[in-house]
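In: got a structure for you, letters missing:
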């Protein structure tokens, strides 16, 4: 440090800065030494506390000058700090685990190295064998080479024959599942024109529908409503119940114009528009399994019919298609031809003069 310039003789009595700088330098050095001593002492105390070697230090007693005869009060010794962090045994266990893992890693690396070297050796042997084989083949004559190629082809053909023999043997041992197919002598449907009896199949229950008797009752009842149909243009009436079914029919008054030799003629009259059959209850009839048993009401009705002259028409709803197949098979064994009339859900049995006839098989 450059010293300041000397002052004139008039300022010789002013305070000297060199002494002040020396004092400051000495204080800074003393502070540095104190900081180092405190740091070393604190480190030793932490190490001793962690190792559980903290020695109990008897604190000095604090005496206060008594103004009276009261004895001095001694303060209780401070509780030594509890060691924090893992114990020495835990640190040793962790160190042992790390060493074991390192050993396993080294062993795995050694094994991988040995496997890689072995692979390289095998690859070297394979390459050497292929080169030797190529060299030997090149040394052979053309006839020898053809012979070698034929032997290879023969080996391939032999392997293919063995595979074919295995397949043939497996085919001989295979037993396919046999499915029985129902055969009906009249696969083509034909329109029914003879005697026809009707049954209703819904909710797995089959019931007899006395169609012919209901139609006869409708004809007799319609005579009582002809005048009303002519007067009002339409008349609706009901007959039944018969065997649990009610027939509702509609009569209408219609007129037609016809061309004749004398001109246009008008002709009219009361006609049947349509009819529907409604059961008194959805529980009408019997379950199919019960109806197909011997001695049931269904069996009695079927026994009173002639299979050679009668066709059985079954009005079937979507929920009973499976049951229809059981009924059809049973009727086929007896000798009846069966006609199925599928109906939409909740659609009644019905008919009209312009309707279609059943088709039986």
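Out: Thanks, I have the structure now. Remember, predicted model here, so these are calculated numbers, not experimental data.

In: Tell me the gap between the helix ranked longest in the chain and the middle of its chain.
Out: If you go by DSSP state H, the chain has its longest helix at helix 88-139. Distance of helix 88-139 from the chain centroid (C-alpha atoms, centre = their mean, to the nearest Å) equals 46 Å.

In: what about residue 200, how many neighbours?
Out: Counted with other C-beta atoms under 10 Å, the neighbours of residue 200 add up to 25. (Glycine included, C-beta is placed from N, CA and C.)

In: Tell me, what's the model's pLDDT at it?
Out: Listed pLDDT for residue 200 reads 90.

In: Please name the bridge partners of it.
Out: Per DSSP bridges, the residues bridged to residue 200 are residue 207, residue 315.

In: and the residue nearest the centre of the chain, what does it touch?
Out: Centroid-nearest residue in the chain: residue 319, 28.1 Å away (criterion: C-alpha atoms, centre = their mean). Residues near residue 319 by C-beta atoms under 8 Å, 6 or more residues apart in numbering: 202, 203, 204, 345.

In: which ones among those are found in strands?
Out: Using DSSP state E, the subset of those located in strands is residue 202.

In: Phi first, then psi, for residue 244.
Out: With angles defined as degrees, to the nearest 10, residue 244 sits at phi 90, psi 10.

In: That one: what's it in contact with?
Out: By C-beta under 8 Å, 6+ apart, the contact set of residue 244 is 207, 279, 280, 281, 284, 285.

In: Is the residue lying closest to it once chain neighbours are set aside in a helix, a strand, or coil?
Out: Among residues not flanking residue 244 along the chain, residue 284 sits closest, at 4.1 Å (C-beta to C-beta, 6 or more residues apart in numbering). Here residue 284 is recorded as coil under DSSP: H, G, I helix; E, B strand; the rest coil.

In: Residue 284 contacts residue 203, doesn't it?
Out: No. Counting by C-beta atoms under 8 Å, residue 284 does not reach residue 203; the two are 9.9 Å apart.

In: which one of those two has more residues nearby?
Out: Comparing residue 284 with residue 203 by other C-beta under 10 Å, the one with more neighbours is residue 284, at 19 against 14.

In: list the contacts for the spatially closest residue to residue 342 that is not a sequence neighbour?
Out: Nearest non-adjacent residue to residue 342, counting by C-beta to C-beta, 6+ apart: residue 316, 5.5 Å away. By C-beta under 8 Å, 6+ apart, the residues touching residue 316 are 201, 202, 324, 340, 341, 342, 343.

In: circling back to that earlier point, Throw the contacts of residue 319 into JSON lines and include distance to residue 148, thanks.
Out: Converted to JSON lines, the contacts of residue 319 look like this (distance: C-beta to C-beta, whole Å):
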{"residue": "202", "distance to residue 148": "81"}
{"residue": "203", "distance to residue 148": "81"}
{"residue": "204", "distance to residue 148": "77"}
{"residue": "345", "distance to residue 148": "79"}
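
In: Going by neighbour count, which of the contacts of residue 319 comes out on top?
Out: Sorting the contacts of residue 319 by how many neighbours each has (other C-beta under 10 Å) puts residue 202 first, at 22 neighbours.

In: Count residues in the vicinity of the residue lying closest to that residue once chain neighbours are set aside, would you?
Out: In space, and not counting its chain neighbours, residue 202 is closest to residue 317: 4.3 Å by C-beta to C-beta, 6+ apart. For residue 317, the neighbour count with other C-beta under 10 Å is 19.

In: show me the contacts for residue 317.
Out: Counting by C-beta under 8 Å, 6+ apart, residue 317 touches 201, 202, 203, 342, 343, 344, 345.

In: for residue 335, same thing?
Out: Neighbouring residues of residue 335 by C-beta under 8 Å, 6+ apart: 307, 308.

In: And residue 296, by the same measure?
Out: Contacts of residue 296 by C-beta under 8 Å, 6+ apart are 286, 290.
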